[in-house]
Each structure stands twice: as C-alpha cells, then as structure tokens.
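**Q** the sequence isn't on hand, but the structure is:
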C-alpha cells in the first residue's frame, strides 16, 4: 500500500524564484536601477540585516534620516533612540523564518511611517531581517480628513433635518388643507434644496447672497427678472446663514408673486445686501423694499401674517443671531435683517 508523502513547505528563497524572472544577460546594474526607481516611486525603503543585526543593505532611505559617514549604521544611529527601541522590541519577537510584524510611528511633525519587519531565509540558508519602511503620511492625512468630513456631514445633516422638521411643523400649523400643506411644503423644501446645492458646490464654504436671490427669482419670476434689482455687497454667507437667508428670500418672493402687484404694475422691488462696520463688530444688513399700488386687502394681510411672517420674524433672525424689521402698510412691504458677520465665517 502506497503511503502519502508529506508536503514540504517551500523555502522563502524558492518562493522568490517562483515569482520573479529576469534576463541575466542584462546585468545586475540595470536590475538594481529598476528596483531603486520602483522603490522611490512607491515611497518605500528596504533594509537588510544579518542574523547578528549587522546592516547588509539600505535602499532609498527617507530624506528625513541619513547615514553618518564612516559610521556603521544601526537602528538607533539612523532613526534615533526612541524609534530604535521600538524596532528592537518588535524584532525580538521574531524567531523563525517567515515571522513578521509591523509598527506605525507618528513623528512630532505629523509624519507617519510604517516599519514592516520579517525574517527571511536567503539562498545561502542564512536567515536575515528584512525591514520595509513606508511613508504613510499622506494616506493618514487623507484618512483624518475623511473622518473630519464625515463628522461634518453628520453634523450638517442633523441641522438640515431639524430645519426640515421645523418647516413641516410650521407649514402644517398654518395650512387649512392637505393640498395646501403639500403645495407650500414642497415649495419651501425645494428652496432649501437649492440653497443646499450652492453650499455643497462651494465645498461647504457657504453661498453668495446674489446667487441665493437669483435662484428664487429665476424660479418664481422667470419672465421678469429685472423687476427685482439687487445692489450692495455680494457677501459669502455661512452654510447655516445660506439656508435660512435662502428660505427668507423664498418667502418674500412667493408672497410678492402671490399677493403683490409688482409684476402687473411693473414696479421694481429693490433688494440690498451690505456689510457694515460697527463698534461691536462687522454686521450684514439685508433689506427688501416692495412697493404696492394700493393697500393690501384683509385676505392678503392674513395670508402674509401666517407662516411667512413666522419665518421672517422668528425663525430666520434666531437662526443667524440677528434682528429684523418687518412692516406692511400702504407704502408697501419692507423687510430688514441685520446679523453679525461672525455667523457667516
């Protein structure tokens, strides 16, 4: 009866020969040049030590570390006592060919290097210590940036959901029918999404005032955009201010289209945005001046006094830490909002 012959684990040098091929006639110099170029491109350094820990070869050492002329290299001598001690501890746990381990070291300047150590058996049956040093600085910085962005997205998403919840509640409170609620809620939600698009396109820096106004004018007064004229400073608003100022502009434009007569009478609405220098700090002032041909009727008064006024008089000023003036009389509609520049930074 034939007995099974146990399979022998191939030596590491056998594995190396299985996975490599080159033309010997091209010479070692060309092969060496290829590997050095590849290591430089990878941002990796290779170190080979014999069984006694004596350095045999070092390639592409990172620029922050250097070799001292006429001094035999060592872990402490090249990397310093602290890193040298950590490498000594790591290497002391490797006892047989194939054993390996790694350690990641963060330096005071936020640079990060990974040291991978492995015992390898060479063709001469000698066991050597191979250390690969890889610069992980950019990779770790990208990971930290991604984590920060994810936290920021989570934070802003919660704020956005809170705003949507408030809009839904207030719209339902002042809507007499389900159809009326859906019409108004969709319009306000769409205005919020337009403002959010501007914020996202700016990499979360915010949105410019004139872009916020243009969005609402193009949607509700597409054929007569010149009837709403803007002057002053085109201030970059913070993400939070952008969403709420965009919502206020939406209410003002919709109210003007629904209850005003500026389109039929060709009367110009004037909008200003100014940055003011004040003793207590710079502020931003937004004004809306809408003329009326005749006093608004009682129904129009009630319509403007519902959720639109809640947004303009309570929600927006509180959200940007500002103060407002909102009047509706025979002269027309006037709205003024003043809030600190700090809110936009």
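**A** Cool, the structure landed. Since the structure is predicted, the reported quantities are computational estimates derived from the model, not experimental observations.
**Q** show me how the chain divides into domains.
**A** Domains of the chain are assigned by automatic domain parsing as 12-135, 160-344.
**Q** in the stretch 151-300 of the chain, where is pLDDT below threshold?
**A** When residues are selected by pLDDT under 70, those of the stretch 151-300 of the chain lie in 294-300.
**Q** in stretch 263-271, which residues are buried?
**A** By 16 or more other C-beta atoms under 10 Å, the buried positions in stretch 263-271 come out as 269, 271. Glycine gets a C-beta too; all of them are placed from N, C-alpha and C.
**Q** ugh, wrong one, I meant stretch 205-222
**A** Of all the residues in stretch 205-222, those buried under the rule 16+ other C-beta under 10 Å are 206-217, 219-221.
**Q** and stretch 64-79, by the same measure?
**A** 75, 78, 79.
**Q** strands of the stretch 1-150 of the chain, start to end?
**A** 44-49, 55-59, 100-106, 112-121, 127-135 (DSSP state E, counting those that start in this stretch).
**Q** tell me where the stretch 51-200 of the chain has helices.
**A** Ranges of helices in the stretch 51-200 of the chain, per DSSP state H, counting those that start in this stretch, are 75-79, 81-92, 137-173, 178-201.
**Q** which one of the ones you listed lies closest to residue 332?
**A** helix 178-201 (22.7 Å; C-beta to C-beta).
**Q** determine which stretch of the helices of the stretch 51-200 of the chain is the most buried.
**A** Looking across the helices of the stretch 51-200 of the chain with neighbours counted as mean count of other C-beta atoms under 10 Å, the highest average goes to helix 75-79: a mean of 18.
**Q** ok, which of the domains of the chain comes nearest residue 144?
**A** Comparison of the domains of the chain against residue 144 by C-beta to C-beta identifies domain 12-135 as nearest, at 9.1 Å.
**Q** against residue 57, how distant is residue 204?
**A** 48 Å (C-beta to C-beta, to the nearest Å).
**Q** circling back to that earlier point, which one of the buried residues of stretch 64-79 sits closest to residue 158?
**A** Proximity of the buried residues of stretch 64-79 to residue 158 was ranked by C-beta to C-beta; the top entry is residue 79 with 44.8 Å.
**Q** was I right about that closest one contacting residue 88?
**A** No: contact status for residue 79 versus residue 88: not in contact, 10.8 Å apart, counting by C-beta atoms under 8 Å.
**Q** ok, residue 228 touching residue 221?
**A** Yes: applying C-beta under 8 Å, one finds residue 228 in contact with residue 221, separated by 6.4 Å.
**Q** residues shared between the contacts of the two?
**A** Listed contacts common to residue 228 and residue 221 are residue 253; contacts here mean C-beta atoms under 8 Å, 6 or more residues apart in numbering.
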